[in-house]
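Trainee: 3D, please:
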Amino acid sequence: MCGIIGYTGTRDVTPILLDGLRRLEYRGYDSAGIAVYDPTAQHLRVARREGKISGLEQLLEDSPLKGSVGIGHTRWATHGRPSDDNAHPHRAGHVAVVHNGIIENYQQLRSELQGKGASFGSETDSEVIAHLLEAEMKESGCDLLEALGKALGRLHGTWAMAAISDQQPGEIVVARHNAPLLIGLGGPGVGEESPAAENYVASDAGALLAYTRTVVDLEDGDIARVRADSVEIFDASGEPVRRPRRRIEWSPIAAERQGFKHYMLKEIHEQPRAIADTVVGCGFADGAVAFDGLDLGALRERGRLILLGCGTSWHAALTGKYLIERLARLRVEVDLASEFRYRDPIITKDDLVIAISQSGETADTLAALKEAKARGARSLAICNVIGSTITRVADQVLYTRAGPEISVASTKAFTTQLAVLTLLAVHLGRLTGSLEESRAAALVDGLRDLPRQVDNLLAQGAAIRTVARRYLQARDCIFLGRGLGFPVALEGALKLKEISYVHAEGYASGEMKHGPIALIDEQVPVIVLALQGPGYQKVVSNLEEVRARGGRIIAVATMGDQAIADVADDVLLVPAVAEELQPIVSSVPLQLLAYHFADLKGTDVDQPRNLAKSVTVE
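Mentor: Residues are numbered from 1 along each chain as shown. Sure thing, here's the model as predicted:
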């Protein structure tokens, strides 16, 4: 949550900062701002505006900021409502700061600083950082980097931060602790010097795609001084360190809408390519995933697989439980990562913890992963972002190959997570001997054919939009699924509620008569996963119970199912695939239904209210 961008070099900094902020806006869009060193006036100038980046752009058109060094920020509000005053950067004297994360002891620090004469202009926790830096420089005469090191010793919480000062106009100082931050190398490498160069800082590599492909990921506890002609990094003990470079493989055009009305629609349509790349990228061949180091004997006799995730990734984890238990006959638990640490979980060295995260920076999932490792468990990450924090903490990684996902509502990240979990379940099934070779081969062939099947599903977009239009007056929706359809029902409900603001809940079909059926009337659409397979007849019985109470039914059903039209008002058809692959194909029409529902209602599909893409605070 929240986005940071910084630049130091010789070019006009404002267009670079604005471009970076536009690319980061999916991380937060409550307010935005930039701070630039004005070489003519020899002081910092700050521009901030509540709302989206477009408001800041208008402000800067009216009052331009000129300079070649600056920092910018787009905010997802934690402390203090969205407003101009609460927008970053925060300034104190000669210093301006942008910050992602939470300062837990800010009230104590704020009171102390106010006692020394500091005047605060915001309600945020982040402003204390600027005042701490200003006080350290004034009281001890130290430079900005040293002041940062001293200030960090007084902070409790999480942070990725960048600061500039008009007393050291050529540099940006940065720090990271449990929040992502990287340095983009536009000219020199780390520790190298060049007379004519430029460098960047950002909370997400996507902000830098137009300017550099070479980045250095900071580690927790690192602080750094970034100048146009040099980069110096120091670890938590203050010792100089060299961090490895990596190259960003995503192209700038991959992060553009490319003619689609919204990023979400583009990303839904990218799923055939994303699934194909994921299957190939996992190194799957002859029934084996590129995954080793698993003590299968200990896992079968004493251990468990523990799948962790939040939101959409938790729904993928729940699907993974069904698949792994069915195909590999191993014990699997699924935990909400946000709850995992707080229930004092029982973990052993024989357990394998699998952390699932699109961004690899999800704070709750990262904290849960670290807790499990501290208790002796081995770990595996399933993630979309190479070099992200979770991939560096986990012992091993299986990457999804979804490419950049900009829309807050996850689509292709979810289906590629399902693809990886299916591959893993097949792999484990072969290792345990629970899955016959012929069955494994059939599932692999089915996975390889999924891109074609999904591509055909996408052609139903216009028909699904027509269905969505019929239910626009609904204020509540219920999603039902049984077995592998249950996690998909949860995900379908999440998609609809987060982008259309229609209240939606997902339930296991068999649970409907244990409470949710009380909600059914002609004003409450019921969306049901009713694909052919085990439990189909029971799902049809559930539909009859809904019809008997006047409910309106949208069924997601298998092509060729003639009977379903007798009990459903509308039917969304998906191809006949192996039951283990049904979650992927049945997710696509629910994504399209949610998208068209929201688009027809006129909501902000890509940036729904109160949400942000990468949840980096707990």
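
Trainee: where do the strands sit along the stretch 151-300 of the chain?
Mentor: Along the stretch 151-300 of the chain, counting by DSSP state E, counting those that start in this stretch, strands occupy 157-165, 168-177, 182-185, 199-202, 214-217, 223-227, 230-234, 240-241, 245-247.

Trainee: please work out which of these is packed deepest.
Mentor: With neighbours taken as mean count of other C-beta atoms under 10 Å, these reach their highest mean count in strand 199-202, at a mean of 27. The C-beta positions use only the backbone N, C-alpha and C, and glycine is treated the same way.

Trainee: of the strands of the stretch 151-300 of the chain, which is nearest D570?
Mentor: strand 199-202 (44.7 Å; C-beta to C-beta).

Trainee: just the CA trace of that closest one, in CSV.
Mentor: Output of strand 199-202 as CSV, limited to C-alpha atoms (Å, rounded to 0.1, in the frame of the first residue of the first chain):
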residue,chain,number,x,y,z
ASN,A,199,19.4,7.0,-10.3
TYR,A,200,16.0,6.2,-8.9
VAL,A,201,14.2,4.9,-5.9
ALA,A,202,10.8,3.2,-5.9
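
Trainee: hmm, back to that, ok, which of the strands of the stretch 151-300 of the chain comes nearest G309?
Mentor: Per C-beta to C-beta, nearest to G309 of the strands of the stretch 151-300 of the chain: strand 157-165, 19.8 Å.

Trainee: tilt between the closest one and strand 223-227?
Mentor: 30 degrees (axes from the mean of the first three to the mean of the last three C-alpha atoms, to 10 degrees).

Trainee: list the pairing partners of strand 157-165 within its sheet, with orientation.
Mentor: Strand 157-165 pairs in its sheet with strand 95-103 (antiparallel), strand 168-177 (antiparallel), by DSSP bridges.

Trainee: setting aside sequence neighbours, what's the nearest residue to G311?
Mentor: Of all residues beyond its chain neighbours, the one nearest G311 is L494 (6.8 Å), with distances taken as C-beta to C-beta, 6 or more residues apart in numbering.

Trainee: now the strand or helix carrying the one you found: average pLDDT?
Mentor: Counting by DSSP states H and E, the element that carries L494 is helix 485-500. Averaging pLDDT along helix 485-500 yields 96.

Trainee: what residues of the helix or strand just after it count as buried?
Mentor: Using DSSP H and E, the helix or strand that follows helix 485-500 in sequence is strand 503-508. For strand 503-508, burial by neighbour count (16 or more other C-beta atoms under 10 Å) applies to A504, E505, G506, Y507, A508.

Trainee: show residues contacting strand 503-508.
Mentor: 475-482, 486, 489-494, 496-497, 516 (C-beta atoms under 8 Å, 6 or more residues apart in numbering).

Trainee: so is D604 in a helix, a strand, or just coil?
Mentor: On the three-state scheme (DSSP: H, G, I helix; E, B strand; the rest coil), D604 is labelled coil.

Trainee: just give me the neighbour total for it.
Mentor: Here the number of neighbours of D604 (other C-beta atoms under 10 Å) works out to 14.

Trainee: hang on, the earlier thing: tell me which of the strands paired with strand 157-165 sits nearest to L265.
Mentor: For L265, the closest of the strands paired with strand 157-165 is strand 95-103, at 28.4 Å, according to C-beta to C-beta.

Trainee: following the closest one, which helix or strand comes up?
Mentor: Downstream of strand 95-103, the first helix or strand assigned by DSSP H and E is helix 106-115.

Trainee: now stretch 438-447: buried residues?
Mentor: Within stretch 438-447, the residues that qualify as buried are R439, A440, L443, V444, G446, L447, counting by 16+ other C-beta under 10 Å.

Trainee: mind listing which of these are in strands?
Mentor: Using DSSP state E, no member of the buried residues of stretch 438-447 sits in strands.

Trainee: quick one: which of those is nearest D521?
Mentor: The shortest gap between D521 and any of the buried residues of stretch 438-447 belongs to G446, at 39.6 Å (C-beta to C-beta).

Trainee: test my guess that that closest one contacts A576.
Mentor: No: between G446 and A576 there is no contact, the gap being 10.5 Å when judged by C-beta atoms under 8 Å.

Trainee: what about the strands in the stretch 401-550 of the chain?
Mentor: Taking DSSP E, counting those that start in this stretch to define them, one finds strands in the stretch 401-550 of the chain at 476-481, 503-508, 525-530.

Trainee: run through the neighbouring helices and strands of the first one.
Mentor: Here strand 476-481 touches helix 485-500, strand 503-508, strand 525-530, going by 3 or more C-beta pairs under 8 Å, 6 or more residues apart in numbering; DSSP states H and E.

Trainee: and the last one, what does it pack onto?
Mentor: Here strand 525-530 is seen to pack against strand 476-481, helix 485-500, helix 536-548, strand 552-558, helix 582-601 when contacts are counted using 3+ C-beta pairs under 8 Å, 6+ apart.

Trainee: list the pairing partners of that strand within its sheet, with orientation.
Mentor: Sheet pairing for strand 525-530, assigned by DSSP bridges, gives strand 476-481 (parallel), strand 552-558 (parallel).

Trainee: format these as TSV; extra columns: mean pLDDT.
Mentor: Output for the strands paired with strand 525-530, formatted as TSV (pLDDT from 0 to 100):
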stretch	mean pLDDT
strand 476-481	94
strand 552-558	93
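
Trainee: which residues of the stretch 151-300 of the chain score low on pLDDT?
Mentor: Applying pLDDT under 70 to the stretch 151-300 of the chain picks out residues 187-196, 250-256, 283-298.

Trainee: a markdown table for the strands of the stretch 401-550 of the chain, including distance to P608?
Mentor: Shown next, in a markdown table, are those (distance: least, C-beta to C-beta, whole Å):
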| stretch | distance to P608 |
| --- | --- |
| strand 476-481 | 16 |
| strand 503-508 | 13 |
| strand 525-530 | 19 |
